[in-house]
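Peer 1: Pasted the sequence and its predicted model underneath.
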Amino acid sequence: MGNTKGWWDNFWVKRTSPSTVGSGDYPYSDLMGKVACEYWHDKFKQLAPGKRMLECGCGSARVSAYMAQHGYQCTLLDYSGAALAQAKANFTRMSLDAGFIIGNLNQLCFKNGQFDIVFSGGVLEFFENAQQPINEMVSVLKPGGIFAAHLVPRKFSIQTIADIERTIACSIANLCRCRFKNVFKVVRNIPDDYEVSGLPLEKYIEMCKKAGLSSVTGFVTTPFPVLALPGAFQKAYVSLMRKLMPFWRRFNESNNFFSKHLGITYTIYGIKDN
Ligand SMILES: C[S@@+](CC[C@H](N)C(=O)[O-])C[C@H]1O[C@@H](n2cnc3c(N)ncnc32)[C@H](O)[C@@H]1O
């Protein structure tokens, strides 16, 4: 796929403000991050044999930062130096320690069986065939360790419907600013140049099993889309979502007709065979 190391370097260099959960810079993704961090923290407490955690494709490492605040010893890996620089800056700002490693998910540079938890968030969707990176991540897990991942695939979801609102809102904004070239631009949550896989959840589950995981569990998650709303409405939307977090959590683990068809993200975990 086209999202190369250079593409990610450019992405992280442009993203200058801090992006950790609770920073308030990106209210919607902040909330998504909060739901994810709390969910994974619960799962790790229940299932992980210890607190040595590796995050692969860490970006700004917000999940690891949350776990480090809760006593996990985190190692962060990314092939983009710019991503690791952001992760380092976030950890330093929060007075947290971690190991920072430049490395490729297709060939991890760790001894087998080192970690209690291996996590990747928003990464597997960038691989046309995710079997190799999943194999690599499972190989560095201890027997009994937990592999955890979430991703934003290209699929029909409530976000697809919400993108109609975003397209209309952006067209009006462009018209008001006399940016006529962009008036008919379609706005998509996953832009066309963002090369993301459309593999179904079942395929990821199959790959996890093939890599040596058992009790593999997968859900289609996230019931609330990103909307393009003016400031005050955006605030109201985010505070409504905050109030609906119990519903959000129930939706995430419901695996019913609605979550499968309308959910925006995939959440998967499994335990390495002994
Ligand atoms: C969308 S970001 C995820 C950021 C972070 N995990 C989060 O949840 O906010 C994807 C990250 O994966 C990294 N990445 C993609 N392919 C990789 C590979 N083959 N090896 C190592 N890192 C990779 C990119 O550099 C980027 O920082």
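Peer 2: Sure thing, it's come through.

Peer 1: any weak-confidence spans in the stretch 151-274 of the chain?
Peer 2: Judged by pLDDT under 70, the stretch 151-274 of the chain has no weakly predicted residues.

Peer 1: what about the strands in it?
Peer 2: With strands called from DSSP state E, counting those that start in this stretch, the stretch 151-274 of the chain shows them at 213-221, 265-272.

Peer 1: Now render those as TSV, adding distance to Thr160 and mean neighbour count.
Peer 2: Glycine gets a C-beta too; all of them are placed from N, C-alpha and C. Output for these, formatted as TSV (distance: least, CB to CB, whole Å; neighbours: other CB atoms under 10 Å):
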stretch	distance to Thr160	mean neighbour count
strand 213-221	13	19
strand 265-272	13	23
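
Peer 1: For Asp193, which of the ones you listed is the nearest?
Peer 2: strand 265-272 (20.3 Å; CB to CB).

Peer 1: Could I get the strands of the stretch 151-274 of the chain in CSV, plus columns for distance to Leu227?
Peer 2: Output for the strands of the stretch 151-274 of the chain, formatted as CSV (distance: least, CB to CB, whole Å):
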stretch, distance to Leu227
strand 213-221, 18
strand 265-272, 16
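
Peer 1: Any idea which of those gets closest to Ser60?
Peer 2: When those are compared by CB to CB, strand 265-272 sits nearest Ser60, at 17.7 Å.

Peer 1: Dump the closest one to CSV, restricted to CA.
Peer 2: Extracted in CSV, the C-alpha atoms of strand 265-272 (Å, rounded to 0.1, in the frame of the first residue of the first chain):
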residue,chain,number,x,y,z
THR,A,265,-13.7,0.5,13.9
TYR,A,266,-12.6,-3.1,14.6
THR,A,267,-11.4,-4.3,18.0
ILE,A,268,-9.6,-7.6,18.3
TYR,A,269,-7.7,-9.5,21.0
GLY,A,270,-6.4,-13.0,21.6
ILE,A,271,-4.1,-15.0,23.9
LYS,A,272,-0.9,-16.6,22.7
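
Peer 1: That strand near the ligand at all?
Peer 2: No - on the criterion CB under 6 Å from any ligand atom, strand 265-272 is out of touch with the ligand, staying 10.8 Å away.

Peer 1: Likewise for stretch 214-227?
Peer 2: No - contact of stretch 214-227 with the ligand (CB under 6 Å from any ligand atom) is absent, the minimum separation being 13.2 Å.

Peer 1: Please list the residues of this protein that sit near the ligand.
Peer 2: By CB under 6 Å from any ligand atom, the residues of the chain that approach the ligand are 8, 57-60, 62-63, 78-80, 83, 104-106, 121-123, 126.

Peer 1: List only buried entries from those.
Peer 2: Buried subset of these (neighbour count, 16 or more other CB atoms under 10 Å): 8, 57-60, 62-63, 78-80, 83, 105, 121-123, 126.

Peer 1: Please flag which of those residues sit within strands.
Peer 2: Secondary structure assignment (DSSP state E) places 78, 121 from those within strands.

Peer 1: I am finished for the moment; much appreciated.
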